[in-house]
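1. Fold the following for me, if possible:
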Amino acid sequence: MSRITVLGSGAWGTALAISLARKPDNEVTLWSHRAEAAEPLNRDRENVAFLLGFPLPYEIRITETTGRR
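-> Down below sits the predicted model:
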C-alpha cells in the first residue's frame, strides 16, 4: 500500500487525488490549507469551486492544516 498526500485542493490537486485514488493500493489524502476550503469538499464530495462535475471518491481522505497564522 502507498500512502500519498496531495498538497493543495485546487483543480490540479483535486484531479491528481482523484486519479491516484483509482488504484486500490493507494491511500490518498487531499490536504487543504484552510478549513473553509476542506469543509465543502467533505460535505459535497466534489470541488465545486475548482473542478465541478468530478465527484471525489469516498476513499480520499480530506484534511486541512491544523496550524493558525
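2. SS state for the residue nearest in space to the middle of the chain?
-> Residue closest to the average C-alpha location in the chain (C-alpha atoms, centre = their mean): Leu30, at 3.1 Å. Judged by DSSP: H, G, I helix; E, B strand; the rest coil, the three-state class of Leu30 is strand.
3. hang on, it packs against Pro57?
-> No - counting by C-beta atoms under 8 Å, Leu30 does not reach Pro57; the two are 10.5 Å apart. (Each C-beta comes from the backbone N, C-alpha and C, glycine too.)
4. hang on, the earlier thing: spatially nearest residue to the residue nearest to the centre of the chain, not counting backbone neighbours?
-> Once flanking residues are discounted, Leu30 sits nearest to Ala17: 4.3 Å by C-beta to C-beta, 6 or more residues apart in numbering.
5. same deal with Asn47?
-> Thr14 (4.4 Å).
6. hey, what's Glu46 bridged with?
-> Pro55 (DSSP bridges).
7. now the one 5 residues further on
-> Following DSSP bridges, Leu51 is listed with bridge partners Asn47.
8. ok, now how distant is it from Leu30?
-> Relative to Leu30, Leu51 is positioned 11 Å away (C-beta to C-beta, to the nearest Å).
9. who touches both of the two?
-> Thr14 (C-beta atoms under 8 Å, 6 or more residues apart in numbering).
10. Note down every partner strand of the helix or strand hosting Ile4 and its orientation.
-> For Ile4, the element it lies in under DSSP states H and E is strand 2-7. If you go by DSSP bridges, strand 2-7 pairs up with strand 26-32 (parallel).
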